[in-house]
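Engineer: Mind looking at a prediction? Sequence and model below.
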Amino acid sequence: MRIRISRTLGAAMAAVALGLSACATQTDTTTHRGAGEFTEDGVLTAKVKTAIASDAGLGTAVEINVQTYRGVVQLSGFVDKADQIERAASAARSVKGVRSVENNIRVKPRS
C-alpha cells in the first residue's frame, strides 16, 4: 500500500514539474530576441555602418555608434557639422531591412 502511494505521488509530482518547465520555456517575445533576430540585427548593424562609412559627405572624423534591436537602428555619437547628422540618418534609412532610425547624433562641441 505504501509503495502504491509513493508511486502515485511521484507521478503527480513529475507531471507538475513537467507542466512548470513547459511554462518556463515560453519567453516574453516583446523583450527577448531569438537567435535569428539577433543575427539579423547584427547584419543590419554592419550594413548601416558600411553605408555610413561609404558616404563621402560624412568624412572620416565622424564618431557614430550604431545599435540595432528588431530592425530599429539607433545612431549616437558626434559629427563635425550639423548637416552630417541627417546624412548619417539617411544612410541608415537606405539600408534594406531597417524599420526605423532613432537619431541621437550630436555636433561636437567646440572647445
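Structural biologist: Nice, thanks for sending it over. Residues are numbered from 1 along each chain as shown.

Engineer: Only C-alpha atoms from now on, for both contacts and neighbour counts.
Structural biologist: OK.

Engineer: Could you pull out the helices in the chain for me?
Structural biologist: Remark: helices assigned in the chain by DSSP state H are 2-25, 35-54, 83-93.

Engineer: Please enumerate residues in contact with the second one?
Structural biologist: Spelled out, it's helix 35-54. Applying C-alpha atoms under 8 Å, 6 or more residues apart in numbering, the contact partners of helix 35-54 are 58, 60, 66-71, 73, 88, 91-92, 95, 97-98.

Engineer: between the helices of the chain, which gets the lowest average pLDDT?
Structural biologist: Confidence, taken as mean pLDDT, is least for helix 2-25 of the helices of the chain (a mean of 54).

Engineer: Any buried residues in stretch 88-103, and which?
Structural biologist: Neighbour-count burial for stretch 88-103 flags 88, 89, 91, 92, 93, 95, 98, 101, 103 (criterion: 16 or more other C-alpha atoms under 10 Å).

Engineer: pretty sure the third one is touching residue 55, no?
Structural biologist: Yes - the pair formed by residue 91 and residue 55 meets the contact definition of C-alpha atoms under 8 Å, at 7.4 Å.

Engineer: Max pairwise distance over the contacts of helix 35-54: which two?
Structural biologist: 60 and 70 (28.3 Å; C-alpha to C-alpha).

Engineer: So the two - more neighbours on which side?
Structural biologist: residue 70 (19 against 11; other C-alpha atoms under 10 Å).

Engineer: any idea how far residue 45 is from the more buried one?
Structural biologist: Plainly put, residue 70 is 11 Å away from residue 45 if you go by C-alpha to C-alpha, to the nearest Å.

Engineer: How about residue 39?
Structural biologist: Taking C-alpha to C-alpha, one finds residue 39 at 10 Å from residue 45.
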